[in-house]
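>>> Structure for the following, please:
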Amino acid sequence: MTPARARTSIEHRLTIEHGATQALSESESLAEAAPKIIATVCRTLGWQCGSSWIYVPAEDALKYTASWGLPGKAIEQFLEATQAMKQAREPGGLLRRAWLGGEPVWTRDVDSDTSFQRAPAALKAGLHSAFGFPFKAGDEVLGVMEFFSGAIRRPDSGLLDCMRYLGSQIGHFALRAAAQERFQSSIELAAIGIAHVGESGRFLHVNQWLCDLLGYTRDELLHLTVKDVSHPDDKTITDDMRAKLRSGHTGSFQLEKRYLRKDGSPVWVALTVAVQRALSGEPLHDIAVFADISERKRAEEDLRNSEARFRSLTELSSDWYWEQDSELRFTKFDGNRRASGGYTPAAAILGKRGWEIPGAIASSANWRMSRLSVTRSLISRTSPRKSKSRCGSTIAGIGSTRTRRRIRDRRSCLHSTSSRPTT
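Model (predicted):
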């Protein structure tokens, strides 16, 4: 090889390597990068067209993914014929030899290769020389690229070495892209909302579940900030925690807050937020996970309203209301403070059994009967209001203050006695 030709060969290799690196850096998938790489190789070398194939393990075959070619009907027809093919694991052919052998392959003239099935279409398009190379991750062949020239060219070992290096670059990119695609699919199929949020609070990425929850399209959400869709009363509740998160004072945080759907209706969300950092440690974006807890919030509100109605009812119908656990200890004590002169004995009663209350006579017959009655109720489960909780059975009761009535009855008795005629 003459010095001038050697110099040209090196320049071609550098141009191809630079163009391929740029194509990979600008693309999110191999299907997007492949036509750019093929165009770079063909334009640099003066070849007519090429195509890219990916290995599909489930089918144990190569499947067409992309192509590029110079303008012209004959080239288009050849690439259409290429696209319609499926390369199974069997001997012969340019693609299959590169795939099964795991090394670049050169064919000086496809017309002389009896195993090349597309020879008639290639000759009709004026194509002769061809080469193909596998792209690999380690020893694993992930796919093959092939190229065709309108001239008959001698094998170029330097070019094949360049393709071997390029195949390694493409292979590692394909592996990362496949992993990213699986990750993206997991995010899209997740039964929770997932979003990436920038430092300014703007949505950078959202999955479909979050779009459905808030009633926006993906494009609409990507033009909004978190505060744009937050309930007015909850717009700033994450500000302090986000600042601590980005400064590294905490690894993640969780809280519950309200958002507003596009139609203005509120939705309660359990929010978990962490931060994605660069290798340098600088924060890139927040990763936010959203779980819809609106049903739970409604159930809690219904329970509070029910308890409030029950409390009002018991206060109207009695002076006191209490609850006891399975050990007969008071866990709740409340009542009608007006009927009791504003006094509540809760502080002295909570955590004690009835016969342990200060002033109670544990040995009295009344307490013995009360204890026996409540115990029987626990065993037979015939209490008027008894519920199963995480802590076991709960006994509830109501009562009235008898002090004033007893004083009134005693005064009436004394008055009756004093007014009785003597004999």
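
>>> Let me see the contact set for residue 81.
Applying C-beta atoms under 8 Å, 6 or more residues apart in numbering to residue 81 gives the contacts 118, 121. (Glycine included, C-beta is placed from N, CA and C.)

>>> how does it look with 10 Å?
Each residue near residue 81 by C-beta atoms under 10 Å, 6 or more residues apart in numbering is listed here: 117-118, 120-122, 124-125.

>>> Over to residue 64?
Residue 64 neighbours (C-beta under 10 Å, 6+ apart): 51-54, 79, 82-87, 95.

>>> Return the backbone torsion pair for residue 62.
Note on residue 62: backbone dihedrals following degrees, to the nearest 10 are phi -90, psi 140.

>>> Identify the bridge partners of it.
residue 55, residue 87 (DSSP bridges).

>>> any idea how far residue 78 is from it?
17 Å (C-beta to C-beta, to the nearest Å).

>>> ditto for residue 180
For residue 180, the distance to residue 78 - C-beta to C-beta - is 33 Å.

>>> The two - which one has more neighbours?
residue 78 (26 against 12; other C-beta atoms under 10 Å).

>>> Of the contacts of residue 64, which one scores lowest on pLDDT?
Minimum pLDDT across the contacts of residue 64 is recorded for residue 86, with 78.

>>> With adjacent residues omitted, what lies nearest to residue 233?
residue 258 (7.2 Å; C-beta to C-beta, 6 or more residues apart in numbering).

>>> who touches residue 296 in this structure?
256, 268, 270.

>>> Format the residues you listed as a markdown table; extra columns: secondary structure and pLDDT.
Below are these laid out as a markdown table (DSSP: H, G, I helix; E, B strand; the rest coil; pLDDT from 0 to 100):
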| residue | secondary structure | pLDDT |
| --- | --- | --- |
| 256 | strand | 95 |
| 268 | strand | 96 |
| 270 | strand | 95 |
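
>>> which of those residues tops the neighbour count?
residue 268 leads the contacts of residue 296 on contacts (other C-beta under 10 Å) with 19 neighbours.

>>> when you check the contacts of residue 64 against the helices, which ones overlap?
When the contacts of residue 64 are checked against helices (DSSP state H), the matches are 79, 82-83, 95.

>>> Just the closest of the residues you listed to residue 150, please.
Residue 150 has its nearest neighbour among the ones in helices among the contacts of residue 64 in residue 79, at 14.2 Å by C-beta to C-beta.

>>> Pull the number of nearby residues for the closest one.
Neighbours around residue 79, by other C-beta under 10 Å: 20.

>>> can you pull the contacts of the spatially closest residue to residue 122 that is not a sequence neighbour?
Spatial nearest neighbour of residue 122, excluding adjacent residues (C-beta to C-beta, 6+ apart): residue 110 at 5.0 Å. By C-beta under 10 Å, 6+ apart, residue 110 lies in contact with 93-94, 116-123, 127-130, 148-149, 152.
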